[in-house]
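**Student:** Give me the fold of what follows.
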Amino acid sequence: MKQSERLMPLKGAHLFSRAYRKGRSFSGGCMVLYVIPGRNASASLLGITVSRKRGNAVARNRVKRWIREAYRGFLPVLKKGKIIVIVAKQPAVTAGYAVLRDELEELLGKAALLDAQP
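**Tutor:** Coordinates of the predicted model:
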């Protein structure tokens, strides 16, 4: 797997805040996707947040793992150079992996982040 196809985590509260303030948002039933241009043109950064209101640590971490894995499947066709923040809504906790993957594909398509269909 090339460096550009590796999942690059978003770190730093200031980048999350900037995505919330200045980013374009795309909302679905289980998640909201925020996108802003990034500085690194060779890779996109991904940040995932799941509020404590959504459940206990086990449930929150499961949702984050499933979203991360679904995102990983789109890496080969994902446009580079973006900062992407995904915020999970309450229905994400009870939704299955397939539902989250399909909704992520829909949101990435709305945001025009996919080069071609996987």
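
**Student:** Which pLDDT value does the model give residue 54?
**Tutor:** As summarised for this prediction, residue 54 has a pLDDT of 94.

**Student:** For it, grab the count of nearby residues.
**Tutor:** Per other C-beta atoms under 10 Å, the neighbour tally for residue 54 reads 17. Backbone N, C-alpha and C define where each C-beta goes, glycine included.

**Student:** got the contact list for it?
**Tutor:** If a contact means C-beta atoms under 8 Å, 6 or more residues apart in numbering, then residue 54 has 60, 63, 88-90, 92-93 as its contacts.

**Student:** now residue 44
**Tutor:** Contacts of residue 44 by C-beta under 8 Å, 6+ apart are 8, 38, 78-84, 113.

**Student:** Equivalent analysis for residue 91, please.
**Tutor:** By C-beta under 8 Å, 6+ apart, the contact set of residue 91 is 29-30.

**Student:** what's the pLDDT at it?
**Tutor:** Looking at residue 91, its pLDDT stands at 96.

**Student:** What are the buried residues along the longest helix belonging to the chain?
**Tutor:** Identified as the longest helix of the chain according to DSSP state H is helix 57-74. For helix 57-74, the neighbour count (16 or more other C-beta atoms under 10 Å) marks 60, 63-64, 66-67, 70-71, 74 as buried.

**Student:** now do stretch 97-107
**Tutor:** Quick answer for stretch 97-107 (16+ other C-beta under 10 Å): 99-101, 103-105, 107.

**Student:** Now do the residue nearest the centre of the chain against residue 43, distance only.
**Tutor:** When the chain is reduced to its mean C-alpha position, the nearest residue by C-alpha atoms, centre = their mean turns out to be residue 86, at 4.0 Å. Distance, residue 86 to residue 43, by C-beta to C-beta, to the nearest Å: 16 Å.
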